[in-house]
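[1] Take this sequence and fold it.
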Amino acid sequence: MIIEFDGEVFRWDAREDSAWFFTSVPLELSEEIREIPRPYRGFGAVRVRALIGSTEWTTSIFPSSDTGSYVLPLKKAVRDAEDLVDGGLVTVRLEVLNG
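    Numbering: from 1, shown residues only. Have a look, this model is predicted:
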């Protein structure tokens with residue numbers, strides 16, 4: 001399954017000293033991902049190949065208990081390469097991987 005969406009970059013606010021940034025997968029697309037049969041992974045993680053601009057990497061998305069959607073972590077190397085900032089918009093392509 002491949003999905004594309006636009007999202008907003010946000011800092012994880014559970015801790016004031018957090019340097020973790022994410023974007024949310026829209027709820028409707030998150031529900032479609034949830035329906036894909038796959039083995040259980042810790043924290044409900046789903047393996048994906050992500051593409052933002054010209055930067056591609058393999059990571060996991062995680063369910064958010066606040067919104068019910070999945071969130072995609074945006075590591076510093078990706079943020080730097082694609083000039084992503086807190087509150088900025090981002091276009092994401094995700095390929096959901098098996099296993």
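[2] tally of neighbours for E56?
    Number of residues near E56 (other Cβ atoms under 10 Å) recorded here: 12. The C-beta positions use only the backbone N, C-alpha and C, and glycine is treated the same way.
[3] The closest residue to L97 other than its chain neighbours: which element?
    Excluding the flanking residues, the one nearest L97 by Cβ to Cβ, 6 or more residues apart in numbering is R47, at 4.2 Å. According to DSSP states H and E, R47 maps onto strand 46-52.
[4] what's in contact with that strand?
    With contact meaning Cβ atoms under 8 Å, 6 or more residues apart in numbering, strand 46-52 is reached by 33, 36, 38, 41, 56-62, 70, 72, 74, 78, 82, 84, 90-99.
[5] change it to 6 Å
    Contacts to strand 46-52, defined as Cβ atoms under 6 Å, 6 or more residues apart in numbering, come from residues 57-61, 82, 90, 92-97.
[6] how far does stretch 87-96 sit from the chain's center?
    Taking Cα atoms, centre = their mean, to the nearest Å, one finds stretch 87-96 lying 7 Å from the centre of the chain it belongs to.
[7] can you list contacts of that stretch?
    Here stretch 87-96 makes contact (Cβ under 6 Å, 6+ apart) with 1-7, 9, 23, 33, 48-52, 84.
[8] which among the residues you listed end up buried?
    Among the contacts of stretch 87-96, those classed as buried by 16 or more other Cβ atoms under 10 Å are 3, 5, 7, 9, 23, 33, 48, 50-52, 84.
[9] Max pairwise distance over these: which two?
    Among the buried ones among the contacts of stretch 87-96, the pair separated by the greatest distance (Cβ to Cβ) is I33 and L84, at 22.1 Å.
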